[in-house]
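> need a structure here:
(chains A and B)
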Amino acid sequence: MTDCKLIIAGLGGQGVVFLSRLIGQAALLAGDNFITYESHGMAMRGGSVSSQVKIGSYNSPLIGAGTADILLVLAPGEYERNRHALKPDGIALVNSATPTTGLAPKNMVNATALAVTHNLPKAVNLIFCGWAAEHSAFPYNFQQMQEAVETAAATPAIKTANLKALEIGRQEFSSSK
Amino acid sequence: MRQVMLGNEAIARGLLESGCTFSYAYPGTPSSEILPAFLKQAADAKIEVHGHWSVNEKIALESAFTTAITGMRAAAIMKQVGLNVAADAFLSTAYLGVTGGLVVISADDPGPNSSQTEQDSRMFAMFAKVPVFDPATPEEATYFTGLALELSEEIGLPVLLRPTATLCHARQNIDLKEISAIERQPEFVRQPQRWAATPKHRFMLHEKLNQTLLELAADPRFDFSAGIDLNRKRTPYAIVASGCSWSLTADLLKELPADLSGQFTLFKVDLPYPLHRGAQDNLLNNYDKILVIEESMPVIEYQLGDRTRVCGRTDGTIPDAGALTPDIIAEALAQFTQNRRLAKADTEIAIPPGKRPSLCPGCPHRSSFYALKKALPKGIYAGDIGCYTLGINLGAIDTCLCMGASISQAGAFYQTFAKSEDTIPPIAAIIGDSTFYHSGIPALVNARWEGSRFVLLLLDNSTTAMTGNQPTPAAGVRADGTQGPALKLETLIKGCGIEKIAVIDPYNQEEMITVLKEALEYTRSPAGGIAAVIARRGCLMIPAERRRLTRLTVIIDETECTGCGYCLKAFECPALVLRENDAEGRVIIDPIICTGCGQCVAVCPQGAIKIKSSE
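Here you go, the predicted model:
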């Protein structure tokens, strides 16, 4: 595939790191080179965190201002903090309960509400991922993310729960089209 | 075989691929994942190794050095400020050298993101006269780790590997080699004039060290101009970079239009100290303008003999604080070449401040801090390094100097105020269990001996929480999961001469306040001294602790909440959030992250926070 630079933003504990690993797993399955960067340490305690993912032959995982192709946002407040990284024609996909200025409704989803409804409070990130993977700008398609979840899960129980969350996201995309 | 690896896992892989079977570490971001990865990969490959969480970095280095003077290969692993703790041993090892292989891994944290300084371990290596490798990618980190061990064995010196946080926490698909065990038995050759060298012998060892470094600076393997064709037409500019600074620069140049990228020749330095002499000459004799890009101090730059045509950190082209980013390097290139086309994309978007980190929902430290402020109002709270440094948000931490300093500082606050005419304020030292084992114990012995008086609040969550829940000696479980003897905090504190010790569950807030008040009284009574209060409750990041917790359903009665915001300020639990679009500023509980600990109930002045029913 062509080179892709992607930023995942959210708050510590939301599963930002997990999501970036999942995209890495999808890249591995697709045979693409990639390098990602994760926040660790003090920032993980509920503060603003972000992961950066570069697919292609790169040496550094860091992404400069105005050069990211896609911005994935798990906490709505983090959109403002990260949108400077997007290139002019880049796409932002945002988890938000309320409309965000400057964003088209098709680029927003309330994955948090879906997680509460389906009693999967820890799977906001995967519901969001299932929804985001249906967008054409996303580097891998839904089936590829599904395979990534299947091959990355530590236990069968986690796999089932994660696949279910991914599917909830996909259905949300189809029903809101 | 190709596999996805975190930079730190790639370093562990490098250790195992090159026959290193002994690793000693103390956890610290960004280095913490190396030792667990070393143990896991060795177990997966069915290789017998010894990996241990040493109580501090000095002990880790002393241990690894000792293994390496028996002809074996060993690693000492730490973060950059850990190297300060290990400094005494580090400088001495450079003189003594090793007979096996010794790699010291010191992970830097430019920024800093999770540290008290953004020091450069390469500078420390230069100070200690120890060769240092600076890997640029996780894949290269695997390779350089092995190279460091081999070089160490070849020249008989410790070698430093300096990754930065960007590499430690980068994840990349990399090619793996086989893990190979070296068949070797330890052998200690008695040689007191070396291993117990007196000053006279030290002088000779120093001269020998200098000679080895000179030879290394002429070693063709580390000629960083080797890949550059100097007979070709010279580019107007040369850039010299090492490690992650090189990666950033290479990626940036790759995406520039050819007419711009073609103006630069990029030199990559693998061994920043000692810097290759011949390569320096090739650089300085062939290029008119040279930019050195390195993190976080001018190590390469300082070694260049003639800096009249060199830009970098010494002339301000590269800022002398903060982590390097693609944007900062783009700006530096623009300034260096006087060409604004190289500057970063001008997005003109102001970045609002991010959400600051805070203690997790249900964190027992929060309850301890709340009780501390109630029991010792207007006190001086001497803090330490760990999650509980975040008590600063709650106004319950006043100082944070370095590992173990809370106790020394509390003692010195007492001594200083005791000499004044004013009354001595309530003084507390707040320290976590892991930090207490690390360097709190000598400080406590000192404070007791000196006759200092303060409340020692030991936050015992039975883990090293901030860095990812590594075990401490309290439970006796070791890095590899085996059970060792449990070294109880109470026994240690008693052994330091402390006579007043109380153990309390911080979730029992009322009782904890009473215990802390009694402790304060003791510090002021004629026969009193230091009063220790151990606040004991496990970290909720540990799954077993989460399962053990009785979960309560906490609600906020919207008719009783007045929107005073006291709970947000005084308790700052991430699960207490402002009701959306509420003019009165009332608070609700975020059910997704609430742990149901119920600790906020007692905090509300209106009694609006309630327990619905227990599940």
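> Residues of the stretch 301-450 of chain B that sit close to chain A?
Residues of the stretch 301-450 of chain B lying near chain A by C-beta under 8 Å from any C-beta of the partner chain: B:325-327, B:330, B:344-347, B:349, B:351-352, B:354-360, B:387, B:389-390. In this view, the C-beta of every residue, glycine as well, is placed from N, C-alpha and C.
> Let's see which of those end up in helices.
Judged by DSSP state H, helices contain the following of these: B:326-327, B:330.
> Closest one to residue B:126 out of the residues you listed, please.
Using C-beta to C-beta, residue B:326 is the member of these that sits closest to residue B:126, with 27.4 Å.
> Correct me if wrong: the closest one contacts residue B:248.
Yes - assessed by C-beta atoms under 8 Å, residue B:326 is found in contact with residue B:248 at 5.9 Å.
> More neighbours: the two, which one.
residue B:248 (26 against 21; other C-beta atoms under 10 Å in any protein chain shown).
> residue boundaries of the strands in chain A?
In chain A, the strands defined using DSSP state E lie at A:4-11, A:34-37, A:48-55, A:68-73, A:86-95, A:108-109.
> what's the closest of those strands to chain B?
Proximity to chain B (C-beta to the nearest C-beta) singles out strand A:48-55 among those, at 3.1 Å.
> and the closest one, anywhere near chain B?
Yes - interface with chain B: strand A:48-55 contributes A:48, A:54 (C-beta under 8 Å from any C-beta).
> any idea how far residue B:184 is from residue B:253?
44 Å (C-beta to C-beta, to the nearest Å).
> tell me which strands and helices the one helix or strand in chain A whose mean pLDDT sits lowest is in contact with?
Ranked by mean pLDDT, DSSP states H and E, the weakest helix or strand in chain A is helix A:77-82, scoring a mean of 90. On a contact count with 3 or more C-beta pairs under 8 Å, 6 or more residues apart in numbering or on different chains; DSSP states H and E, helix A:77-82 meets strand A:4-11, strand A:48-55, strand A:68-73.
> could you dump the ones you listed to JSON lines with mean pLDDT and mean neighbour count?
Shown next, in JSON lines, are the helices and strands packed on helix A:77-82 (pLDDT from 0 to 100; neighbours: other C-beta atoms under 10 Å in any protein chain shown):
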{"stretch": "strand A:4-11", "mean pLDDT": "94", "mean neighbour count": "26"}
{"stretch": "strand A:48-55", "mean pLDDT": "93", "mean neighbour count": "25"}
{"stretch": "strand A:68-73", "mean pLDDT": "97", "mean neighbour count": "25"}
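> if we compare those, which one ends up closest to residue B:588?
Per C-beta to C-beta, nearest to residue B:588 of the helices and strands packed on helix A:77-82: strand A:4-11, 17.0 Å.
> Note down every partner strand of the closest one and its orientation.
Paired with strand A:4-11 in the same sheet, following DSSP bridges, are strand A:48-55 (antiparallel), strand A:68-73 (parallel).
> closest to residue B:55 out of these?
strand A:48-55 (30.2 Å).
> Let me see the mean pLDDT of stretch B:478-487.
Across stretch B:478-487, pLDDT averages out at 94.
> how about the closest residue to residue B:27 other than its chain neighbours, what does it touch?
Among residues not flanking residue B:27 along the chain, residue B:467 sits closest, at 4.0 Å (C-beta to C-beta, 6 or more residues apart in numbering or on different chains). By C-beta atoms under 8 Å, 6 or more residues apart in numbering or on different chains, the contact set of residue B:467 is A:41, B:27-29, B:32.
> change it to 7 Å
Going by C-beta atoms under 7 Å, 6 or more residues apart in numbering or on different chains, residue B:467 touches B:27-29, B:32.
> So which of the residues you listed sits lowest on pLDDT?
residue B:29 (92).
> Phi, psi for residue 100 please.
Looking at chain A here, since you left the chain open. Backbone torsions for residue A:100, taken as degrees, to the nearest 10, come to phi -110, psi 140.
> look at chain B instead
Dihedral angles (degrees, to the nearest 10) for residue B:100: phi -100, psi -140.
> From the chain's centroid, how far away is the least confident helix or strand of chain A?
14 Å (C-alpha atoms, centre = their mean, to the nearest Å).
> Between residue B:184 and residue B:253, which is the more surrounded one?
For residue B:184 and residue B:253, the more surrounded residue by other C-beta under 10 Å is residue B:253, and the numbers stand at 18 against 13.
> Now the more buried one. Nearest residue, chain neighbours left out?
That would be residue B:261: by C-beta to C-beta, 6+ apart, it lies 4.7 Å from residue B:253.
> Surely that neighbour and residue B:255 touch.
No - the criterion here is C-beta atoms under 7 Å, and residue B:261 misses it with residue B:255 at 8.4 Å.
> And the buried ones among the residues of the stretch 301-450 of chain B next to chain A, selectable in PyMOL?
Selection command for PyMOL covering only the buried members of those, criterion 16 or more other C-beta atoms under 10 Å in any protein chain shown:
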select buried, chain B and resi 325+326+327+330+344+345+347+354+355+357+358+359+360+387+389+390
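> sorry, back to before: taking the contacts of residue B:467 together, which two end up most distant?
Comparing all pairs in the contacts of residue B:467 by C-beta to C-beta, the longest separation belongs to B:27 and B:29, at 8.1 Å.
> Close to chain B: what parts of chain A are there?
A:11-12, A:21, A:24-25, A:28, A:33-38, A:40-43, A:45-48, A:58-67, A:77, A:80-81, A:83-84, A:112, A:116, A:121 (C-beta under 7 Å from any C-beta of the partner chain).
> Quick check: residue A:117 vs residue A:168, distance?
Distance from residue A:117 to residue A:168, by C-beta to C-beta: 9 Å.
> Looking at those two, which one has more neighbours?
Neighbours per residue (other C-beta under 10 Å) separate residue A:117 from residue A:168, with residue A:168 holding more: 21 against 11.
> Report the contact partners of that one.
So residue A:168 contacts A:114, A:118, A:127, A:130 (C-beta under 7 Å, 6+ apart).
> And for the first one, the neighbour number?
Residue A:114: 22 surrounding residues under other C-beta under 10 Å.
> Now do the same contact list for the residue nearest to it when sequence neighbours are not counted.
Once flanking residues are discounted, residue A:114 sits nearest to residue A:127: 5.1 Å by C-beta to C-beta, 6+ apart. Shown in contact with residue A:127 (C-beta under 7 Å, 6+ apart): A:111, A:114-115, A:165, A:168-169.
> Then residue B:247?
Counting by C-beta under 7 Å, 6+ apart, residue B:247 makes contact with A:59-60, B:136-137.
> Secondary structure of it: a strand, I assume?
No - judged by DSSP: H, G, I helix; E, B strand; the rest coil, residue B:247 forms no part of a strand; its state is helix.
> Look at the closest residue to residue B:117 other than its chain neighbours and tell me its secondary structure.
Counting by C-beta to C-beta, 6+ apart, residue B:117 lies nearest to residue B:81, which is 6.2 Å off, once chain neighbours are set aside. The three-state assignment at residue B:81 reads helix, by three-state DSSP.
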